[in-house]
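# return a 3D structure for these sequence lines:
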Amino acid sequence: MSKTYPINCLIVDDEAIAREIIETHLSNIENIHVLASCSSAIEAFNYISNHTIDLVFLDINMPEISGISFAKSINTDIKVIFTTAYRDYAVEGFELKAVDYLLKPISFGRLQKAIHNYFEIYGKTEEKTAPTVEESNFMFVRSERKMIKINYEDIVFIESYSDYLKIHLDDKIIVTRETISSIEAKLPKLQFLRIHRSYIISINSIQSFTNEHITISNQSLPISRSYKKDVLAHLEKF
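The predicted structure is shown next:
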């Protein structure tokens, strides 16, 4: 396999162990950069809208939106390698011009071959020019058994409680079952700042700050020791 530019990849699978296996395999392959790992097509839609993705490792049999439906809806510049436990979808997968179709459990050797196929078809030795990505100004989160649209400009701060989040908006609070790291990956980095393992804030909503706390909506939120250096360096730019 010739040396080429890094390929930005996304893993989409509702099974955590399946995502971990693929990510572990990919970590041992040169020029592959896994940007994120998503547990649903909806989460993946949100991520793709804010990031440049070259290649998706996509499970087919997922709840709500199947991998086939997801593949049909994304930009054709984003290539797909299907990962599934079922042979039945192979024909439809290849009709979508998938790079490859991998049956679980996926071995390192078989995954490596799929990557080789990708580079053979789409790889280039010259520097890649990243396409322009039109960023959205909203995301969807699941709350009260439905998907709720949240405009980024309405978010004041986000508070974590284990696997649950409280998304504080100007006029209400939305509770969703999601980790703070997964929600952080969706948010525009120029608008939001992680200040603590339990808090993400909207930079535009900051009222004041010290070396220890940030005041937002008349609430004092702590800056943790592990985030302090990056947070203060970021805020001092303004």
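
# going forward, measure contacts between C-alpha atoms and count neighbours the same way
Fine.

# what does stretch 163-177 contact?
141-143, 154-160, 178-180 (Cα atoms under 8 Å, 6 or more residues apart in numbering).

# apologies, that question was intended for stretch 228-238.
The contact list for stretch 228-238 (Cα under 8 Å, 6+ apart) reads 193-195, 211-212, 223.

# quick one: it to chain centroid distance?
Between the centre of stretch 228-238 and the centre of its chain there are 24 Å (Cα atoms, centre = their mean, to the nearest Å).

# distance of Ala18 relative to Lys166?
28 Å (Cα to Cα, to the nearest Å).

# of the contacts of stretch 163-177, which pair is most distant in space?
Asp154 and Thr179 (19.8 Å; Cα to Cα).

# list the buried residues for stretch 197-207?
For stretch 197-207, a neighbour-count test (16 or more other Cα atoms under 10 Å) marks 198-203, 205 as buried.

# closest one of those residues to Pro188?
Ser202 (10.0 Å).

# so how many other residues sit close to the closest residue to the closest one other than its chain neighbours?
The shortest distance from Ser202 to any non-neighbouring residue, by Cα to Cα, 6 or more residues apart in numbering, is to Phe192 (4.6 Å). Per other Cα atoms under 10 Å, the neighbour tally for Phe192 reads 20.

# what about Phe192, distance to Asp154?
Taken as Cα to Cα, the span from Phe192 to Asp154 is 12 Å.

# quick check: next helix or strand after the lowest-mean-pLDDT helix or strand in the chain?
In the chain, the helix or strand scored least confidently by mean pLDDT, DSSP states H and E is helix 90-95, which has a mean of 53. Sequence-wise, the next helix or strand downstream of helix 90-95 (DSSP states H and E) is strand 100-103.

# summarise which helices and strands that next one is packed against.
Counting contacts by 3 or more Cα pairs under 8 Å, 6 or more residues apart in numbering; DSSP states H and E, strand 100-103 packs against strand 79-84, helix 90-95, helix 108-122.

# could the ones you listed go into a markdown table alongside mean neighbour count and distance to Leu35?
Output for these, formatted as a markdown table (neighbours: other Cα atoms under 10 Å; distance: least, Cα to Cα, whole Å):
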| stretch | mean neighbour count | distance to Leu35 |
| --- | --- | --- |
| strand 79-84 | 24 | 15 |
| helix 90-95 | 13 | 23 |
| helix 108-122 | 15 | 16 |
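
# the ones you listed: which one's closest to Val34?
Closest to Val34 of the helices and strands packed on strand 100-103 is helix 108-122 (Cα to Cα; 12.9 Å).

# low pLDDT regions in the protein?
Residue ranges of the chain with pLDDT under 70: 1-5, 87-96, 123-136, 238.

# quickly list the domain ranges of it.
Following automatic domain parsing, the chain resolves into domains at 7-122, 141-235.

# nice, that's everything, thank you.
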